[in-house]
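Asks: just the structure for this:
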Amino acid sequence: MTALRLAPRAAILALTALLAACGGSVASTPAPTITPAPPPPATPVNASLTAPLKSETFNALTARATGTETPTSIRNATASLQGTASTISYDAATNTYVFSNPAASASGAGPDRVAIVAAGPDCYATACTVSGTAIGSFMRRGGDVTNANGFLYTYVAYANWHSEAAAGSDHNMTMNMAVFGATTPASGVPVSGTASYKLDLRGNQMTGPLGTSAGRAILPSFGGNGTASVDFAAATYTMTGDMGGVLSQAATTFSSSGKLSAGANGFAGNFSFADSGAFTGALQGWFFGPAAQELGAVFAATAPDGRSAVGTIVGHQ
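Replies: Numbers count the residues shown, from 1 in each chain. So this is what the prediction gives:
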């Protein structure tokens, strides 16, 4: 499984070894409200993400987490689905991708924004030059290893960009996770039959001091693989899979189930996983490719102890 590639930030975002499992009971949380996924707002300019690409503002779905890490706790941690609020665009003349969330960056100096000059078809195993109020990366390759480098998605990509700012001894942090690409037209989403998709999951937790290493607070990443079963006739889906824990440092599971949008490209449902406590939340996604060959979704979840998590799931038939 390919690890989530985050642009490094000294001390805070180093992906270092985490603490062993935290014990204790966890209180239950109310079931999240499931909001249907908004339909893709535009017809794709590029039929796929295979180069050469034309300039385009891509259809994209985003999830966002924010919080303040203090030496002893995490305060005001949030995780939410943002629908189509973020802008992801590509300039063919400069081979530059710009990822922008209208919400304020951790410093408050403008929105979370990063520009990435791609040195290859994606930022997997190639250097990315970044600038802006945030740092981040994007990929088309998943951890589903069907060749030496993993599976290269044709229609969907996933991204993260994040910012942090010191506030005395505390740190304000943001994390944006998105899926984007060549979405399926509504007429291309099947209305009968079933399909199975192999899944790649990537995410990040806001854990505060629960996830510290060598005295430093970090935004630990996690990843996993699984399967989605879609019943187009019944307009339902289920997802299940295995993932690595952050605090538990042990294998755990994730799951989601929900409904497909009627007469449109979209699906939405619950999302949950266990990691030294129960995370519960929601997921929104689209199908990608002319005939729904791939899918992409974002999720947001919280735990009763104050932790939050956001991430992406991409899949292919």
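
Asks: partners of the helix or strand residue 112 falls within in the sheet?
Replies: Using DSSP states H and E, residue 112 sits in strand 111-118. Paired neighbours of strand 111-118 in the sheet (DSSP bridges): strand 96-104 (antiparallel), strand 128-132 (antiparallel).

Asks: ok, and what's touching the first one?
Replies: In other words, strand 96-104. For strand 96-104, contacts defined as Cβ atoms under 8 Å, 6 or more residues apart in numbering pick out 62, 64, 66, 82, 85-91, 110-118, 132, 134, 136, 138, 159, 161, 174, 176, 178. All C-beta atoms are positioned from the backbone trio N, CA, C, and that covers glycine.

Asks: give the contact list for residue 153.
Replies: Listed by Cβ under 8 Å, 6+ apart, the contact partners of residue 153 are 49, 140-142, 181, 294, 314, 316.

Asks: could you redo the last one with a cut-off of 10 Å?
Replies: Residue 153 makes contacts with 48-49, 122, 139-142, 144, 181, 200, 288-289, 293-294, 296, 314-316, as judged by Cβ atoms under 10 Å, 6 or more residues apart in numbering.

Asks: just the terminal-to-terminal distance for stretch 252-270.
Replies: One end of stretch 252-270 to the other measures 17 Å (Cα to Cα, to the nearest Å).

Asks: centre of the chain versus that stretch, how much separation?
Replies: The chain centre lies 15 Å from the centre of stretch 252-270; the measure is Cα atoms, centre = their mean, to the nearest Å.

Asks: same thing with stretch 305-317?
Replies: Relative to the centre of its chain, stretch 305-317 is centred 5 Å away, using Cα atoms, centre = their mean.

Asks: buried residues in it?
Replies: By neighbour count with 16 or more other Cβ atoms under 10 Å, stretch 305-317 contains the buried residues 305-316.

Asks: okay, residue 12: pLDDT?
Replies: Listed pLDDT for residue 12 reads 28.

Asks: give me the nearest residue to residue 237, chain neighbours excluded.
Replies: residue 230 (4.6 Å; Cβ to Cβ, 6 or more residues apart in numbering).
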